[in-house]
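# What follows is a protein structure lacking sequence information:
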DNA sequence: GGTTGACTTAAAGTGCACTTGAAGTTATAT
DNA sequence: ATATAACTTCAAGTGCACTTTAAGTCAACC
């Protein structure tokens, strides 16, 4: 049973589909992250499956992986199942780093929220004239 | 009642105390974020309160504020209470942007976790030989 | 069939947030 | 007293992830 001929995307359409610019796609290709097909005239074309691949890469990138880490991951992947332990170890390390950052960033948000509340209450005349932000924070048990 | 003479930090000691390098502190000063005192010989010194100030700036920075946004915030702050509405609006915008990013990043983590689990199960021989990652994701209802 | 827009490569440029270097002064320890 | 370490300014350099430019080829529309 022959599958329907796959839709072919120009680099411009593909860029639109994945939310990147065409130059960025060429840059990623240069870095070895993507390998589009070529028409006889030299022009690139992309297929449906490439969309999923790029979106997956962007998820990994969004967890904090650099281009060179992605490149390493992709190289291992091209070498087949023998490199699964390496890939798994890399992703686990990325996850650990991510979680550390995630906790820090939540703390930053806490302080930002406190400051916003402080300004809002100050505007509404709720805090006493000379209460400092630090004293205010202390009331909530936040430190640093 | 005279308060105990405040401890004075050299730029090196202060850098240590706040977790930045001395050049970075000079850079921040250049950008108008910090204003240390000076000894008669021209050398900078910092006091306890400066530690809290820098740590607060680093919290704001950690929520995604750029150096130039911090600069704007600091300038408004120097202009007194009249600029509280501007400062509040800025921080509220920062918070909105932060929360958007925060949601996205949680989704990225979800995909990373799925991929790690997929590798772990594959290593343990749990998934069927030819199940694709996408099919695996679909079992959990994750998309994109 | 000509104009407009999308594509091609390779190299150079950008923006951010620092970091490093050069050249010199000052403080501290032996 | 002298070595060494920390400070000073100002300018230039770095790393990352793109973005822009230049010079040219190709495709689609009227």
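The structure has been received and is ready for your questions. Keep in mind that this is a model prediction, so the values were computed, not measured.
# buried ones in the lengthiest helix in chain A?
Determined from DSSP state H, the single longest helix within chain A is helix A:84-123. For helix A:84-123, burial by neighbour count (16 or more other Cβ atoms under 10 Å in any protein chain shown) applies to A:84, A:87-88, A:90-91, A:94-95, A:98, A:102, A:105, A:108-109, A:111-116, A:118-119, A:122. Quick note: C-beta positions are derived from backbone N, CA and C, even for glycine.
# Of the residues you listed, which ones also sit close to chain B?
Among these, proximity to chain B is found for A:84, A:87-88, A:91, A:94-95, A:98, A:102, A:105, A:108-109, A:111-113, A:115-116, A:119, A:122 (Cβ under 8 Å from any Cβ of the partner chain).
# coming back round to it: need the next SSE after the longest helix of chain A, C-terminal direction.
helix A:133-140 (DSSP states H and E).
# what angle sits between that following helix and helix A:84-123?
With axes from the mean of the first three to the mean of the last three Cα atoms, to 10 degrees defining the directions, helix A:133-140 sits at 110 degrees from helix A:84-123.
# So what's the model's average confidence on helix A:133-140?
Mean per-residue pLDDT for helix A:133-140: 78.
# quick one: low-confidence ranges for chain A?
In the prediction, chain A carries residues with pLDDT under 70 at positions A:1-4, A:126-130.
# Flag every residue of it that's near chain B.
Contacts of chain A with chain B, taken as Cβ under 8 Å from any Cβ, map to A:52, A:55-56, A:59-60, A:62-63, A:84-85, A:87-88, A:91-92, A:94-95, A:98, A:102, A:104-105, A:107-109, A:111-113, A:115-116, A:119-120, A:122-123, A:133-134, A:144.
# rewinding a little: any bit of the longest helix of chain A sitting next to DNA strand D?
No. No part of helix A:84-123 sits close enough to DNA strand D to count as contact by Cβ under 7 Å from any atom of the strand; the gap is at least 12.3 Å.
# OK, contacts around the residue of chain A found nearest DNA strand C?
Here chain A gets closest to DNA strand C at one residue, residue A:12, 2.7 Å apart by Cβ to the nearest atom of the strand. By Cβ atoms under 8 Å, 6 or more residues apart in numbering or on different chains, the contact set of residue A:12 is residue A:22.
# hang on, it in a helix?
Yes. Assignment of residue A:12 by DSSP: H, G, I helix; E, B strand; the rest coil places it within a helix.
# so how far is chain B from it?
To chain B, residue A:12 is 21 Å away according to Cβ to the nearest Cβ, to the nearest Å.
# Quick one: neighbours of residue A:19, just the number.
A count of nearby residues for residue A:19, using other Cβ atoms under 10 Å in any protein chain shown, gives 10.
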